[in-house]
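Undergrad: Pasting a predicted model and its sequence here:
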Amino acid sequence: MESKIKAIAVTGTPGCGKTTLCSKLAYPVISVHELAEEYECIGEVDVDGAAPIDIEELSQSWVKPTELTLIDGHLSHLLPVDAIIILRCEPKVLKERLQSRGYSKIKVDQNVEIEMMGGPWPDILDDKRPKIESDSGIKEWIESGCPDVTSPFDAVDWISKI
């Protein structure tokens, strides 16, 4: 029986390892940025170096792939995907990664704060799509049909670790 899962979001705070994970899995990958360019849902680069994506327009325009594909990007969970992989990163490590990429202090602080507050979880608290919060065991999760194994109550709580 063929899986009905065709599009899996790989989401998390910028710098948490989404692209690295996608490169290690044997599935086709497309980034949200590439999709936004393809569907002409991307604006001009802002002063912070990012190009805004009209995620609502992209969600309405995008045609899901016909084969299992990973959608890489911190906004991917906002698209009409079939399942969600949520990557998390210890805030100190995330801060070092973003600084090494040349992010401004404001952007580093904002992203570390977002990670401490749960990363993408606030956007998907009531979401019924299958999801997993991890950076390991993901290949097996996909191959088993993406069972819903993670809830917001299972999420990493960086604040409690301070």
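TA: Alright, I've got the coordinates.
Undergrad: need the helices for this protein, in chain order.
TA: Here the chain has its helices, by DSSP state H, at 18-24, 32-38, 55-61, 91-100, 105-116, 138-143.
Undergrad: which of the ones you listed is buried the deepest?
TA: Across these, averaging neighbours per residue (mean count of other Cβ atoms under 10 Å) puts helix 32-38 on top, at a mean of 18. Every residue, glycine included, has its C-beta placed from N, CA and C.
Undergrad: Against which helices or strands is that helix packed?
TA: On a contact count with 3 or more Cβ pairs under 8 Å, 6 or more residues apart in numbering; DSSP states H and E, helix 32-38 meets helix 55-61, strand 69-72.
Undergrad: Show me what that helix is in contact with.
TA: Helix 32-38 has contacts (Cβ atoms under 8 Å, 6 or more residues apart in numbering) with 41-42, 51, 53-54, 58, 62, 71-76, 79.
Undergrad: again, but for stretch 41-61
TA: By Cβ under 8 Å, 6+ apart, stretch 41-61 touches 32-33, 35-36, 39, 75, 78-80, 104, 107.
Undergrad: what about it, start to end distance?
TA: When the termini of stretch 41-61 are compared using Cα to Cα, to the nearest Å, they are 9 Å apart.
Undergrad: I'd like to know the average pLDDT value across that stretch.
TA: Averaged over stretch 41-61, pLDDT sits at 87.
Undergrad: Which of the contacts of helix 32-38 are buried, as a PyMOL select command?
TA: Paste this into PyMOL to select the buried members of the contacts of helix 32-38, with burial taken from 16 or more other Cβ atoms under 10 Å:
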select buried, resi 41+42+53+58+62+71+72+73+74+75+76+79
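Undergrad: nearest to residue 131, of the contacts of helix 32-38?
TA: Closest approach between those and residue 131, by Cβ to Cβ: residue 76, at 11.8 Å.
Undergrad: give me the beta-bridge partners of the closest residue to the closest one other than its chain neighbours?
TA: Spatial nearest neighbour of residue 76, excluding adjacent residues (Cβ to Cβ, 6 or more residues apart in numbering): residue 9 at 3.6 Å. Beta bridges link residue 9 to residue 71, residue 84 when assigned by DSSP bridges.
Undergrad: Show the pLDDT at residue 9.
TA: The model's pLDDT for residue 9 equals 96.
Undergrad: Check the one 5 residues further on too.
TA: In this model, residue 14 is scored at 93, pLDDT.
Undergrad: just checking, it touches residue 111?
TA: Yes: with contact defined as Cβ atoms under 8 Å, residue 14 reaches residue 111; the gap is 5.4 Å.
Undergrad: I'm done for today, thanks for sticking with me.
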